[in-house]
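In: What follows is a predicted structure for the sequence shown.
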Amino acid sequence: MRHDSRLSRMLHVLIHMASEDTAITSEQIGRMLGTNAAVVRRTMAGMREAGLVVSGRGPGGGWRLNRPLAEITLAQVYEAIDSPALFALGFSNAEPECLVEQEVNQALERTLAEARERLLRRFAEIRLSDILEGFDKRVAALR
């Protein structure tokens, strides 16, 4: 199964952006993530639409944070990347005739919806500044 890594990758980028005094280009981000600049621009466009980043063109252009990390939550970043599926579980048959399979589907659907709701609530509680604080502690522990 292939994992969707956009959320972790964008969190990584946004936290790096907070430590930069200048804009970061799509090419620089692409090198950081091991992908091409076109993919970066598409993903960052969603971040711009959500008001998390701003962009500029030409010399000195690139991407910058539009607000401090303390004002950005995991939920906001998740929504900015189009809210990808959180779970890979699914039904073998979405509209089964078998009553057992219908009950299995209903139980899974209820449980996954509850888990998604709880996870998204938790995402809304975690700010990117919390992640940066954890990073700072890791760095301090190495000294």
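Out: Nice, I can see it. Numbering: from 1, shown residues only.

In: Could I get the phi/psi values of the residue most central in space within the chain?
Out: Taking CA atoms, centre = their mean, the centroid of the chain lies closest to residue 7, which sits 2.3 Å from it. Dihedral pair for residue 7: phi -60, psi -50, per degrees, to the nearest 10.

In: contacting residues for it?
Out: Shown in contact with residue 7 (CB atoms under 8 Å, 6 or more residues apart in numbering): 74, 77, 78, 81, 84. Where you see a C-beta, it was placed from the backbone N, CA and C, and this is true even at glycine.

In: element containing residue 54?
Out: strand 53-56 (DSSP states H and E).

In: So for that strand, mean pLDDT?
Out: Throughout strand 53-56, pLDDT has a mean value of 94.

In: Check the offset of the biggest helix by length in the chain from the chain's centre.
Out: For the chain, the helix that runs over the most residues, judged by DSSP state H, is helix 99-125. From the chain centre to the centre of helix 99-125 is a distance of 20 Å (CA atoms, centre = their mean, to the nearest Å).

In: where's residue 73 relative to residue 49, distance?
Out: Distance, residue 73 to residue 49, using CB to CB, to the nearest Å: 16 Å.

In: Okay, buried residues for the longest helix of the chain please.
Out: If you call a residue buried by 16 or more other CB atoms under 10 Å, then helix 99-125 has these buried ones: 105, 123.

In: Report the distance from the next helix or strand after that helix to the chain centre.
Out: Using DSSP H and E, the helix or strand that follows helix 99-125 in sequence is helix 128-142. In terms of CA atoms, centre = their mean, the centre of helix 128-142 is found 19 Å from the chain centre.

In: Now do helix 128-142: which elements does it pack against?
Out: Contacts defined by 3 or more CB pairs under 8 Å, 6 or more residues apart in numbering; DSSP states H and E place helix 128-142 against helix 6-18.

In: Mind listing what's buried along the helix it packs on?
Out: 6, 7, 9, 10, 11, 13, 14, 15, 17.

In: hmm, who's touching the next helix or strand after it?
Out: Once helix 6-18 ends, the next helix or strand along the chain (criterion: DSSP H and E) is helix 26-33. Outside helix 26-33, the residues that touch it by CB under 8 Å, 6+ apart are 9, 12-13, 16, 36-41, 44, 62-63.

In: Good, wrapping up.
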